[in-house]
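Trainee: Let's see this in three dimensions:
(2 chains)
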Amino acid sequence: MFYDILVYGFIQSAALILMAFGFSLVYGVSRLPNFAHGAIYVFTGFIAWALFNTVGLPYWLSVLLSILASGGIGVLIYYVILRRVRGMEVSEVIATYAIGLVFLEGLRYAGFRGGTYTLPVASDGVSFIFDVPVDHQRVLLMILGFAMVALIWLLTKYTRMGRALKGMAQDERAAMMLGIDSDATAAVAVALGSMLAGVAALIIFPLGSLVVEEGYKVLIYAIAVCVVGGLGSWAGTVIAAFVLGYSQYMTVAYGKPHFQMVVMLLAIIATLIVRPSGFFGKQKQLEERV
Amino acid sequence: MTTETTQKRRERIDRGIKVRSESLYALNSFEEIAYLLTPRVLLIAAFVLMPLILSPWPYWGRVGLSVCILALLSISFDFLANYVGLVSLGGAFFYGVGGYMAAVLNTELGLPPVLSIPVATLLGAGFCTLALLPCLPLRGIYFAIVTLMYPLLMTRIIEAFDILGGTEGFRGIDGFSGFFTEQYGLILAMFIALFGLRRFVNMDGGLVIRAVKDNDQSVRASGISVTRTKAKAVFLASLTGCFAGAYYIHMYSNVGISSFALDLSIMPIAATIIGGAGTLVGPVLGAAILVPLSEFLRDFGSLRIVVYALVLTGFVVFRSEGLMNYMTRKYQQVERWVKI
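Mentor: Here you go, the predicted structure:
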């Protein structure tokens, strides 16, 4: 039982990292709360499903194309919507949330509901970690979860574009003075965030089935992880994902699955009340509360 | 610049009649009294006549009432967002709490609607204010996120602990005695909320509340507790929201966890933004547009929400002032192009 919790809690945490990292990246870089995150997550899954089953492309190609498509959606959302309301936080939240609703409810209207839509798993095999059976899709999830974090970290550390992203996060005005295009960088951030959501979707969806409700759930999970870890703090995101992932798995193991969501929601509310900048956030207290 | 194109800018000037009717001397002429009264009388007359016109069609009567319910929720959102600076994405929280309170009072304690609605409104508002009290120091996006979570949390708690009727909710709640009682009770309440809040924001208490939005540090420096002021404002807003919930469940005789549904948080925001934020009347106008629209789209299921969300995004991004602000400007000012 102990190893069960250890391994599956770890998997749950890696899944949370995957779900939340895109959201955290976008907020951390451009201070844009992308509430369409969950919608992009679900939408990418459906694009991949449609390309694979309806168009009949090979699976690897449909995965690639759907990830590119999610990036494209991110850029479109930035240039059509976010750019015009940038700086007005509440409008950003409402506009992105509404666009997310358009995607999700549009999919529901188009008839994508129920458990009939599934993506294939990469491999059917099962491995044993500490004598706990883990199927290969979950192994892939763990590996990719951390590969993504490492990749993005390297990107921001060693590439020009990544440094521009980081500069924008630290001080937008100074970055602009040094010739960094604010709009282009923010668009890149939103696109990267959306692609991360897409990657997460394509890894996590094969474990269950494609449902629209997943979009709302992912958004709440992403917000929970980011709020607890501190909006915009990357290390915080990872640590918070572990704390929440394990506590979520424990509630499922010892309590009712209904409580899984209660844990997340309570975590958000409690964190915001006690320490709004999150446990690892770098923002000053005065900025977000009186 | 050597280019031949003449540049122009739009100039806005107040209409003569608007300036003349600003002071007490407006009473000197019928024209000016009419100018001042027309918009107000139009609004009141429309709602007073609505039940009379709709009485042959009870279904559309209910739609008319839904306009008022949404209007109440939107007024509550507008007041909180644009006068206090607290953007609440959880209007459904107020609504659901009011609804459940009234349901419990009516089915468990047997209070008639005439008692259960006001008591539920007061108790519900107290409960909402207490629940939101710890989050009041938050602002901006943080408050928005935390309020978004409250109604979701309520649903999950009711489901997980199987309390308050669980997923079933309450049934068999008393209805109203007649068509016109039901109609005019709600319309009266809407007018009280609308005109009451409009008056309140211009009184001393309202001035402090608006100051909290503009510059909370200065309010604090004046020796006034910011949190207490915000709590008062939240109480007023939740009174409005809880009343809407309590009234609605008596209309339809049942309540369930759908009272905390997301639509109820989104629709007031949409109505406020379409109608015109910061006007308090705008939300009523927005509700009067959105609810009938949603009735026409009822057959299309979730396409309804898609349409709302698209309209909402369009207004937020391209026409953020909303209809009411636009119409006020046209009513009060003339525009012309001047060369520069």
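Trainee: Low-confidence ranges, chain B, go.
Mentor: Across chain B, the ranges flagged by pLDDT under 70 are B:1-4.
Trainee: Which secondary structure elements does the strand or helix carrying B:F235 sit against?
Mentor: Take DSSP states H and E as the rule and B:F235 turns out to sit in helix B:226-252. Contacts defined by 3 or more C-beta pairs under 8 Å, 6 or more residues apart in numbering or on different chains; DSSP states H and E place helix B:226-252 against helix B:58-79, helix B:91-107, helix B:113-132, helix B:179-200, helix B:204-214, helix B:216-221. C-beta: built from backbone N, CA, C; applies to glycine.
Trainee: Mean neighbour count added to the ones you listed, as JSON lines?
Mentor: Putting the helices and strands packed on helix B:226-252 into JSON lines (neighbours: other C-beta atoms under 10 Å in any protein chain shown) gives the following:
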{"stretch": "helix B:58-79", "mean neighbour count": "24"}
{"stretch": "helix B:91-107", "mean neighbour count": "29"}
{"stretch": "helix B:113-132", "mean neighbour count": "20"}
{"stretch": "helix B:179-200", "mean neighbour count": "18"}
{"stretch": "helix B:204-214", "mean neighbour count": "16"}
{"stretch": "helix B:216-221", "mean neighbour count": "14"}
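Trainee: Let me know which of those helices is the nearest to chain A.
Mentor: The closest of those to chain A is helix B:216-221. By C-beta to the nearest C-beta, the value is 4.9 Å.
Trainee: Mind giving me the packing neighbours of that closest one?
Mentor: Using 3+ C-beta pairs under 8 Å, 6+ apart as the test, helix B:216-221 ends up in contact with helix B:204-214, helix B:226-252.
Trainee: for chain A, what spans make up the helices?
Mentor: A:2-30, A:37-49, A:59-76, A:83-85, A:89-109, A:136-158, A:160-170, A:172-177, A:182-204, A:213-229, A:234-254, A:259-274, A:285-288 (DSSP state H).
Trainee: which ones are touching the residue in the stretch 151-300 of chain B that chain A sits nearest to?
Mentor: Going by C-beta to the nearest C-beta, chain A is nearest to B:A160 of the stretch 151-300 of chain B, at 3.8 Å. Shown in contact with B:A160 (C-beta atoms under 8 Å, 6 or more residues apart in numbering or on different chains): A:256, A:258-259, A:262.
Trainee: Just flag the most distant two among those.
Mentor: Using C-beta to C-beta, the two most remote members of the contacts of B:A160 are A:K256 and A:V262, lying 9.4 Å apart.
Trainee: And those two? Which one has more around it.
Mentor: Ranked by neighbour count (other C-beta atoms under 10 Å in any protein chain shown), A:K256 and A:V262 place A:V262 first, with 20 against 13.
Trainee: from memory that one sits against B:R156, does it?
Mentor: Yes - A:V262 lies in contact with B:R156 (C-beta atoms under 8 Å); the separation is 4.8 Å.
Trainee: Pull out the buried positions in stretch A:228-248.
Mentor: Using 16 or more other C-beta atoms under 10 Å in any protein chain shown as the test for burial, stretch A:228-248 gives A:228-234, A:236-248.
Trainee: can you check stretch B:154-170 too?
Mentor: Per 16+ other C-beta under 10 Å, stretch B:154-170 contains these buried residues: B:154-160, B:164-165, B:169-170.
Trainee: Any regions of the stretch 1-150 of chain A where pLDDT drops low?
Mentor: Ranges of the stretch 1-150 of chain A meeting pLDDT under 70: A:112-116, A:121-126, A:129, A:131.
Trainee: Pull up the residues of it that are close to chain B.
Mentor: Counting by C-beta under 8 Å from any C-beta of the partner chain, the positions of the stretch 1-150 of chain A adjacent to chain B are A:33, A:80-81, A:84-85, A:89-91, A:93-95, A:97-99, A:101-102, A:105-106, A:108-109.
Trainee: now with 7 Å?
Mentor: A:33, A:81, A:84-85, A:89-91, A:93-95, A:98-99, A:101-102, A:105-106, A:108-109 (C-beta under 7 Å from any C-beta of the partner chain).
Trainee: List buried members of the residues you listed by neighbour count.
Mentor: Buried among the residues of the stretch 1-150 of chain A next to chain B by 16+ other C-beta under 10 Å: A:33, A:81, A:85, A:89-91, A:93-95, A:98-99, A:101-102, A:105-106, A:108-109.
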